[in-house]
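In: Kindly return the folded structure for what I paste below:
(chains A and B)
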Amino acid sequence: MTVGGRIVRQNLKGKVYFAHIEDGTGRLQLFVRIDNVGEQTYEMIRRQIDLGDFVQAGGTMMRTRRGEVSVMVDEFVLLAKALSPLPVIKERVLEDGTLERYGAFSDVEERYRQRYADLAVNPDVREVFRKRARVVRALRDFLDAEGYLEVETPILQPIYGGAAARPFVTHHNQLHQDLYLRISFELYLKRLLVGMYDAVYEIGRDFRNEGVSFKHNPEFTQLEFYEAYTDYHGMMDITERMIAYVAEQVHGSTQISYQGHTIELAPPWRRVTLREVIREHTGIDYMQHRDAPSLLQAMQAAGIQAAPKDTWGKLVDTLLGEVEPTLIQPTFILDYPRDISPFAKMVPGDDFHVERFELFIGGMELGNAFTELNDPLDQEARFLELQKLYRADDEEANPLDEDYLRAMRYGMPPCGGCGVGVDRLTMLMTDKSSIREVLLFPHLRERR
RNA sequence: GGGCGUGUAGCUCAAUUGGCAGAGCAGUGGCCUUUUAAGCCAUUGGUUGGGGGUUCGAUUCCCUCCACGCUCACCA
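Out: Below you'll find the model as predicted:
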């Protein structure tokens, strides 16, 4: 038989040589005897072979005296040379079966900057990204089975929109046109509902020119899905089934462990209004404080810090921020104030709230959804209102997207839409507390 | 951007009140025909993140810059 792989451990003795080689399928020991390969090959091994080299060996299966299945080698070839040594990690299986590790490649910065080395020597890191692939596949399988159509919409957009975030700007030389890297897919996907697709989704990269943190990266992977003839209640149903399905596919169970918490993802999930959850947690009922100065006063009285110049909507958001870390079990927070939700339909009979929910698991926001606003006149009014709210130089202001309004004027079916952060979902499924642990090449400042 | 913390050999880490910068692994040379954290002998390897200051003397104290981590702000 012939085997190949990378040398991850070796033990050169006078006339015998042991090496463990590893490839994507696992590890195997090679047992080389000078009698079997000849003096010339043995001398080549002695002089040239290092940890990290890729080699190929031919021989027969055997078992060493210590009982390890190995290949008794009669042919040994160097396939590719490692010039720089990889960090060496040694490990030992203790009597009770636990693995003791000696040394490691654990410096976080170096692991991210040289992810190839991190992956090469840390199998558990490789496993994280296998799980990530399973998460994405599970999302696709689920939505495909639900009758959704996967689509791809522009990343380079002449007008950005669909979220409140600062964009990255680029330029098309020949067209003499500034273009923006998308901050969301929302407005393009909803155009497709106008175009008579009943249900569409896209998994792709969004770009936001904002701060970096344990849960923010300038580019991140988003899933957005939109379905006609449903509303945010329908989106809650499908979202909780979808994430439970992902957990089943990745873990074989809807129960997961995250940062020391046991989280049950089987539906149904808790559903509570924003007003109620804030009142429950902070004692403040924002409906009793309907303007910014009054709400600010109530918050200060409760010892919650807020910027005096914040809008009322921003203050409500700050209150939600107080609640967020406590939302460990999956929770839908529903019915948000209208003025922080420009693409959501009003709650019938309530001139204050819109049909919107955000989804929290493990103390993190994982998703955001609405009953989509499908009235072009209302949408235009919201755009104009927003423009007044933001100063002209504020990049977070959504530019008025006239083409989107044109699409809506042809008639948009009633629909629900939801966005889910795929990186954060992966963090949840891999028990990682930093988004950088689930991004192969996270953004780092340039080293000077 | 603010606060706190970290930065020493390729990797993981030491270094007493400010007193010659060290270990294990990896590497190099040697011994060893069943090793598996192999072992034994020898050995290379450092602008202690960069720059400046205090001092007879700085990894250690001070200033500054850089990077990273945590955190706050920001992120509908």
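In: Residue A:206: which element?
Out: strand A:199-207 (DSSP states H and E).
In: mind listing the helices for the stretch 101-250 of chain A?
Out: A:108-113, A:115-121, A:123-145, A:186-194, A:232-251 (DSSP state H, counting those that start in this stretch).
In: Quick check: which of these has the most neighbours on average?
Out: Mean neighbours per residue, mean count of other CB atoms under 10 Å, is largest over the helices of the stretch 101-250 of chain A for helix A:186-194, with a mean of 22. Where you see a C-beta, it was placed from the backbone N, CA and C, and this is true even at glycine.
In: who touches stretch A:108-127?
Out: Contacts with stretch A:108-127, where a contact means CB atoms under 8 Å, 6 or more residues apart in numbering, come from A:6, A:52, A:86-89, A:104-105, A:129, A:436, A:440-442, A:444, A:447.
In: What distance separates the opening and closing residues of stretch A:339-349?
Out: 17 Å (CA to CA, to the nearest Å).
In: of the helices of the stretch 101-250 of chain A, which approaches residue A:374 most closely?
Out: helix A:186-194 (8.3 Å; CB to CB).
In: So which helix or strand of chain A has the lowest pLDDT on average?
Out: strand A:99-102 (a mean of 77; mean pLDDT, DSSP states H and E).
In: Starting from it, tell me which strands it pairs with and how they run.
Out: strand A:90-93 (antiparallel) (DSSP bridges).
In: Can you show me the CA trace of the partner strand as CSV?
Out: The C-alpha coordinates for strand A:90-93 follow below in CSV (Å, rounded to 0.1, in the frame of the first residue of the first chain):
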residue,chain,number,x,y,z
LYS,A,90,3.1,17.4,21.7
GLU,A,91,0.4,15.6,23.5
ARG,A,92,0.0,12.5,25.6
VAL,A,93,-3.0,10.5,26.5
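In: Strands of the stretch 151-300 of chain A, residue ranges please.
Out: With strands called from DSSP state E, counting those that start in this stretch, the stretch 151-300 of chain A shows them at A:156-157, A:169-172, A:177-181, A:199-207, A:219-228, A:255-258, A:261-264, A:270-273.
In: list the helices and strands the last one packs on?
Out: Packed against strand A:270-273 by the contact rule (3 or more CB pairs under 8 Å, 6 or more residues apart in numbering; DSSP states H and E) you find strand A:331-337.
In: ok, the least confident helix or strand of chain A near RNA strand B or not?
Out: Yes - Strand A:99-102 is in contact with RNA strand B by CB under 7 Å from any atom of the strand, via residue A:102.
In: Only the C-alpha atoms, please, for that strand, written as CSV.
Out: Below are the C-alpha coordinates for strand A:99-102, written out as CSV (Å, rounded to 0.1, in the frame of the first residue of the first chain):
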residue,chain,number,x,y,z
LEU,A,99,-5.3,14.5,26.5
GLU,A,100,-2.4,16.4,28.0
ARG,A,101,-0.9,19.0,25.7
TYR,A,102,2.7,20.2,25.8
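In: Return the per-residue confidence for the residue of the stretch 201-350 of chain A found nearest RNA strand B.
Out: The nearest approach of the stretch 201-350 of chain A to RNA strand B comes at residue A:211, 3.4 Å away (CB to the nearest atom of the strand). Looking at residue A:211, its pLDDT is 80.
In: again, but for the one 3 residues further on
Out: According to the model's per-residue confidence, residue A:214 sits at a pLDDT of 85.
In: which residue packs closest to it, ignoring adjacent ones?
Out: residue A:434 (4.6 Å; CB to CB, 6 or more residues apart in numbering).
In: Residue A:171 now?
Out: Using CB to CB, 6+ apart, the nearest residue to residue A:171 is residue A:178, at 5.5 Å.
In: where does the one you found sit relative to residue A:164, distance-wise?
Out: With distances taken as CB to CB, to the nearest Å, residue A:178 is found 20 Å from residue A:164.
In: tell me, how many neighbours does residue A:274 end up with?
Out: 22 (other CB atoms under 10 Å).
In: Please list all residues in contact with it.
Out: Counted by CB under 8 Å, 6+ apart, residue A:274 has contacts A:316, A:320, A:333, A:334, A:335, A:336, A:337.
In: same check, this time on residue A:339
Out: Each residue near residue A:339 by CB under 8 Å, 6+ apart is listed here: A:311, A:312, A:313, A:385, A:389.
In: so how far is residue A:288 from it?
Out: 18 Å.
In: With mean neighbour count, distance to RNA strand B and mean pLDDT as added columns, please give the strands of the stretch 151-300 of chain A in CSV.
Out: As requested, the strands of the stretch 151-300 of chain A are exported to CSV (neighbours: other CB atoms under 10 Å; distance: least, CB to the nearest atom of the strand, whole Å; pLDDT from 0 to 100):
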stretch, mean neighbour count, distance to RNA strand B, mean pLDDT
strand A:156-157, 16, 14, 94
strand A:169-172, 11, 17, 92
strand A:177-181, 16, 14, 93
strand A:199-207, 20, 10, 96
strand A:219-228, 22, 10, 96
strand A:255-258, 15, 14, 94
strand A:261-264, 14, 15, 94
strand A:270-273, 15, 15, 96
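In: For residue A:140, find the nearest of those strands.
Out: Of those, nearest to residue A:140 by CB to CB is strand A:199-207, at 7.0 Å.
In: what's in contact with that closest one?
Out: A:136, A:139-140, A:143, A:146-153, A:155, A:163, A:167-168, A:181-185, A:189, A:192-193, A:218-228, A:422.
In: repeat for stretch A:299-319
Out: A:274, A:278, A:282-284, A:286, A:290-292, A:295-296, A:322, A:336-337, A:339-340, A:389.
In: Now do that stretch, average pLDDT.
Out: Per-residue scores along stretch A:299-319 average to 83.
In: Let me know whether it sits next to RNA strand B.
Out: Yes - judged by CB under 7 Å from any atom of the strand, stretch A:299-319 and RNA strand B are in contact via A:305, A:307, A:310, A:314, A:317, A:318.
In: Could you confirm the fourth one falls within a strand?
Out: No - the assignment for residue A:314 (DSSP: H, G, I helix; E, B strand; the rest coil) gives helix, which keeps it out of a strand.
In: give me the number of residues near it?
Out: By other CB under 10 Å, 16 other residues sit near residue A:314.
In: repeat for residue A:311
Out: Using other CB under 10 Å, residue A:311 has 15 other residues around it.
In: same deal with residue A:300?
Out: Count around residue A:300 with other CB under 10 Å applied: 12.
In: Repeat that for the one 10 residues further on.
Out: Using other CB under 10 Å, the number of residues around residue A:310 comes to 16.
In: Look up how far residue A:87 lies from it.
Out: 48 Å.
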